[in-house]
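*Asks:* Attaching a predicted model along with its sequence, questions to come.
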There are 2 protein chains.
Amino acid sequence: MGDRYANFANSGMGRGVVKRLGLPDPPRLRRYQPGDPLTNGPVLLGAADGGRLAGPVGKLLEAAGVAVTETAGEGDKYAALVFDATGITDSTGLRALYDFFHPVARSGKTSGRVVVLGTPPESAASPREATAQRALEGLTRSIGKEFGRGITSQLVYVETGGETAVESTLRFLLSGRSAYVSGQVIRVGGGSAPAPADWDQPLAGKTALVTGAARGIGAAIARVLARDGAEVIALDVPGAGDALAAVANDVRGRALQLDLTAPDAPARLADRLTGLDIIVHNAGITRDKTIARMDESRWDSVLDVNLSSQERINDLLLERGLINAGGRIVGVASIAGIAGNRGQTNYATSKAGVIGLVESMAPVLAKRGITINAVAPGFIETAMTAKMPLFLREAGRRMNSLSQGGLPVDVAETISWFASPASATISGNVVRVCGQSLLGA
Amino acid sequence: MGDRYANFANSGMGRGVVKRLGLPDPPRLRRYQPGDPLTNGPVLLGAADGGRLAGPVGKLLEAAGVAVTETAGEGDKYAALVFDATGITDSTGLRALYDFFHPVARSGKTSGRVVVLGTPPESAASPREATAQRALEGLTRSIGKEFGRGITSQLVYVETGGETAVESTLRFLLSGRSAYVSGQVIRVGGGSAPAPADWDQPLAGKTALVTGAARGIGAAIARVLARDGAEVIALDVPGAGDALAAVANDVRGRALQLDLTAPDAPARLADRLTGLDIIVHNAGITRDKTIARMDESRWDSVLDVNLSSQERINDLLLERGLINAGGRIVGVASIAGIAGNRGQTNYATSKAGVIGLVESMAPVLAKRGITINAVAPGFIETAMTAKMPLFLREAGRRMNSLSQGGLPVDVAETISWFASPASATISGNVVRVCGQSLLGA
């Protein structure tokens, strides 16, 4: 299930062949290892006049051990280009983006980062400011498609008051944890968020439930949450017994066998829990057919596993007070839930529903100090995608700004960022883990 | 600048070749001609239990001369499948979608229509209802990719109270006017909207200003608005003289030569107007380069023409009371403004800004009885796209659910729908005219 082409393209001989034939050139992405420095080089930090974020952001990056510079040096290379655009209050002020990015557009290191910080348009003081802030998205998405070499590009909207709460998001985006996240728009709310005692163990002392944890993406989620300090309860269907036990062993956690679609599943689950800090609804199935050829069991099972059972479980755990204050609920949506997909009316409906669940529950849960967010994976290298026909698989792998598929760990890292206590003001977000796939809506 | 492949694929010999080789099979789309019946056949109308729209929608379609049936007949073919999903208040209720669409998934005529009607998730009575309503989008987008043969698929969210105001939208979506619009989500507000005396002349008595009207999409907009009854003022730069005069003549309208980026342009324009009902900001330019190679004039000119000048003009016309009550402002965004594009940081930023303008001005203008919306064209057959390199052009044409490029008239028809007095409760929408392009965000 490896990407043999990417291995070839990064080999001594392959590099020359790829270059001469003009073939896709997937870079080797920098991925996080515990103990890594936050960035692999200095960060260039710029700001439009009057920006409110460059000051606090410069300070928090320096406190995190990052070398921050405000003036680009001739020939210098940067691990990240960070621009505070909150000072832009009118479309004519967008020129500040050009002034910052044009001279340094070739100064990003491989697997470098572009982060533009803005004010949420809906919170802007005037339509002119809202328009200019909304325009930032056109820039960051274009840069993601333009810079190449594994450089990712994101827009982070930060509410007034969220000047320090943005730290968990910047640490995620600047590090190798976000290797396969690009072209995204992230919203950080106002208010403060507790900094963990140790940023390499942000989930220390937290209990996390991961559904569908026996294999693939679910197993990677269990491993990453455990690596980041959480005590993990790995849940899967009874049939997954051995694989589930192996994962639970591996993360020194607990295995829980349960069919989540059984009518009594929420109650049985609740009975076995004493209180959760993190719940990751990863369990999901596909039963692909065009709707003309789909039997009703394919519709019902996909909707029930991927959506309805999650609603039942959330509701009962909340009712019984089993999701602690400061709790984190994370769903797994899909690009298919955003763009739709041929042969997946059932799956796309369920995954669009997961997005609806996040959007509708976020304000309700805010009152209890609980956040809810979702990831939306694109093409991820798993046993499932390894079975796809060659042409579809290659198209899926290459049709994104990073010219390669993501790894299960990339989805897991994104979930761990949502799960962090330091992400207390992040709720209602759906973030794609897709290397900025061309596909969308 | 025609699509020679599509002509071939629809020829007697071509049809066989295309089928045998498994090549893309772009259907000939049904496009609107004055006097056409609303649909080219009967409409099958279904509803989930408790839906509030099927009743009023059935009545208004019948009053419009459409044959409406509620029970599918064996082997019958339908011009449209319309489903009222407002009765779905929980994800388990989504099964009603399967029950309606599964048996009739092959019963749509070529260039047929699928329309699902829902309640805006943000207006739902509970998170469960909001989740289920949000899930509808996964279904309609998947159907758009699945049904083929020129069948389009949309989701229309109708606020409570908008049960009759939805008429202009249904007429647009069911007719040949929306031939190249698919996979869209449209929001219709509550409240009533005046029905025009003649639905074939909905803009009778209205004055419309169209910028960039000398050529391409702008000329098509001028023609369609005039065809639909409006008195058109066709505006373009002084250099476009003859072409502009030809369009103005053609639509029996007025030509106005003005460089919209000149500092005194808003005032000079205002001085020549007595009051507008419709203003279409179509003027736009591209100056493509990667941001590394872009000179500052390319950035400035694109931002100014495509975004800032529109803000200045809107603001001065509003200040002077030159946009009448019941006024309609329509912008032209782009898929590049949604997804970003390599070599178009300037253009994508400006077009994302147009989306921001629509979103931020809609609530402000609502107080004055004025709506603002935008179209976002995908691949449209124009003199500009005819000059694209063959491979890029063919990829652009085929990478959508209709396997072909759109025509300038398709963009114009969408604008005329927004411009209609009957669309009084439609504001803040950005609708893509892209044949459900695969590209997105």
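*Replies:* Received the coordinates, thanks.

*Asks:* Chain B contacts on the stretch 1-150 of chain A?
*Replies:* On the criterion Cβ under 8 Å from any Cβ of the partner chain, chain B has as its neighbours in the stretch 1-150 of chain A the residues A:90-92, A:94-95, A:97-98, A:101-102, A:105-106, A:121, A:124, A:127-128, A:130-146. No exception for glycine: its C-beta is placed from N, CA and C like everyone else's.

*Asks:* Name only those of those residues that count as buried.
*Replies:* When neighbours are counted using 16 or more other Cβ atoms under 10 Å in any protein chain shown, the residues of the stretch 1-150 of chain A next to chain B contain these buried positions: A:91-92, A:94-95, A:97-98, A:101-102, A:105, A:121, A:124, A:127-128, A:130-146.

*Asks:* Which members of those residues are positioned in helices?
*Replies:* Taking DSSP state H, the ones among these that sit in helices are A:95, A:97-98, A:101-102, A:127-128, A:130-146.

*Asks:* what about the strands in the stretch 151-300 of chain A?
*Replies:* Residue ranges of the strands in the stretch 151-300 of chain A, as given by DSSP state E, counting those that start in this stretch, are A:152-158, A:184-188, A:207-211, A:231-236, A:254-257, A:276-281.

*Asks:* Check what contacts the shortest one and list those residues.
*Replies:* Under the contact criterion Cβ atoms under 8 Å, 6 or more residues apart in numbering or on different chains, strand A:254-257 has outside partners A:209, A:231-238, A:240-241, A:244-245, A:247-248, A:269, A:272.

*Asks:* Write a PyMOL command that selects only the buried members of the residues you listed.
*Replies:* Buried residues within the contacts of strand A:254-257, as defined by 16+ other Cβ under 10 Å, are selected in PyMOL through the command that follows:
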select buried, chain A and resi 209+231+232+233+234+235+236+237+240+244+247+248+269
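
*Asks:* Lowest average confidence across helices and strands of chain A, where is it?
*Replies:* helix A:12-21 (a mean of 76; mean pLDDT, DSSP states H and E).

*Asks:* how many other residues sit next to the nearest residue to residue A:320 once chain neighbours are set aside?
*Replies:* Closest residue to residue A:320 apart from its sequence neighbours, by Cβ to Cβ, 6 or more residues apart in numbering or on different chains: residue A:270 at 5.2 Å. Residues near residue A:270, counting by other Cβ atoms under 10 Å in any protein chain shown, number 15.

*Asks:* Any figure for the gap between residue A:270 and residue A:57?
*Replies:* Using Cβ to Cβ, to the nearest Å, residue A:270 is found at 42 Å from residue A:57.

*Asks:* Tell me what angle the longest helix seen in chain A forms with helix B:95-104.
*Replies:* Longest helix of chain A, by residue count under DSSP H: helix A:345-366. Here helix A:345-366 points in a direction 160 degrees away from that of helix B:95-104 (axes from the mean of the first three to the mean of the last three Cα atoms, to 10 degrees).

*Asks:* buried ones in helix A:345-366?
*Replies:* Of the residues in helix A:345-366, those buried under the neighbour-count criterion (16+ other Cβ under 10 Å) are A:345-362, A:365.

*Asks:* Using the record's assignment, carve chain A into domains.
*Replies:* As assigned by automatic domain parsing, chain A contains the domains A:25-188, A:207-433.

*Asks:* Make CSV from these and add mean pLDDT to it.
*Replies:* Putting these into CSV (pLDDT from 0 to 100) gives the following:
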stretch, mean pLDDT
domain A:25-188, 97
domain A:207-433, 97
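
*Asks:* Save those as TSV, and put in distance to residue B:303 too.
*Replies:* Converted to TSV, these look like this (distance: least, Cβ to Cβ, whole Å):
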stretch	distance to residue B:303
domain A:25-188	6
domain A:207-433	24
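
*Asks:* same for the least confident helix or strand of chain A, what does it pack against?
*Replies:* For helix A:12-21, the contact count by 3 or more Cβ pairs under 8 Å, 6 or more residues apart in numbering or on different chains; DSSP states H and E identifies helix A:4-9 as packing neighbours.

*Asks:* How far does the helix it packs on sit from its chain's centre?
*Replies:* Centroid separation for helix A:4-9 versus its chain: 25 Å, with Cα atoms, centre = their mean, to the nearest Å.

*Asks:* avg pLDDT for it?
*Replies:* Regarding helix A:4-9, the rounded mean pLDDT is 82.

*Asks:* Out of the domains of chain A, flag the one nearest residue B:191.
*Replies:* Each of the domains of chain A was checked against residue B:191 via Cβ to Cβ, and the shortest separation belongs to domain A:25-188, namely 22.3 Å.

*Asks:* related to what we said a few turns ago, just name whatever secondary elements the longest helix of chain A is in contact with.
*Replies:* With contacts defined as 3+ Cβ pairs under 8 Å, 6+ apart, the packing partners of helix A:345-366 are helix A:296-303, helix A:309-319, strand A:323-332, helix A:335-339, strand A:371-377, strand A:430-433, helix B:95-104, helix B:127-146.

*Asks:* repeat that with 6 Å
*Replies:* With contacts taken as 3 or more Cβ pairs under 6 Å, 6 or more residues apart in numbering or on different chains; DSSP states H and E, helix A:345-366 sits against helix A:296-303, helix A:335-339, strand A:371-377, helix B:127-146.

*Asks:* Report how many residues lie close to residue A:52.
*Replies:* 16.

*Asks:* for residue A:266, same thing?
*Replies:* The number of residues packed near residue A:266 is 21, by other Cβ under 10 Å.

*Asks:* Excluding covalently adjacent residues, which one is nearest to it?
*Replies:* Nearest residue to residue A:266, sequence neighbours excluded (Cβ to Cβ, 6+ apart): residue A:316, at 3.9 Å.

*Asks:* Kindly report the residues of the stretch 151-300 of chain A close to chain B.
*Replies:* The stretch 151-300 of chain A comes close to chain B at residues A:290-292, A:299, as judged by Cβ under 6 Å from any Cβ of the partner chain.

*Asks:* Format those as JSON lines; extra columns: neighbour count.
*Replies:* Compiled in JSON lines, those are given as follows (neighbours: other Cβ atoms under 10 Å in any protein chain shown):
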{"residue": "A:290", "neighbour count": "19"}
{"residue": "A:291", "neighbour count": "25"}
{"residue": "A:292", "neighbour count": "15"}
{"residue": "A:299", "neighbour count": "24"}
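
*Asks:* which of those residues lies closest to residue B:195?
*Replies:* Once Cβ to Cβ is applied, the member of these that ends up nearest residue B:195 is residue A:291, at 34.8 Å.

*Asks:* Contacts only, for that closest one.
*Replies:* Applying Cβ atoms under 6 Å, 6 or more residues apart in numbering or on different chains to residue A:291 gives the contacts A:345, B:101-102, B:105.

*Asks:* tell me how far the ends of stretch A:41-58 are from each other?
*Replies:* Across stretch A:41-58, the straight-line distance between its terminal residues is 15 Å, by Cα to Cα, to the nearest Å.

*Asks:* Flag every buried residue along it.
*Replies:* If you call a residue buried by 16+ other Cβ under 10 Å, then stretch A:41-58 has these buried ones: A:41-48, A:51-54, A:56-58.

*Asks:* which two in these are spaced the farthest apart?
*Replies:* Within those (distances taken as Cβ to Cβ), the two that end up farthest apart are A:41 and A:52, at 26.2 Å.

*Asks:* Distance from stretch A:119-127 to the middle of the chain?
*Replies:* 25 Å.

*Asks:* To clarify, my last question referred to stretch A:392-402.
*Replies:* Going by Cα atoms, centre = their mean, the spacing between the C-alpha centre of stretch A:392-402 and its chain's C-alpha centre is 19 Å.
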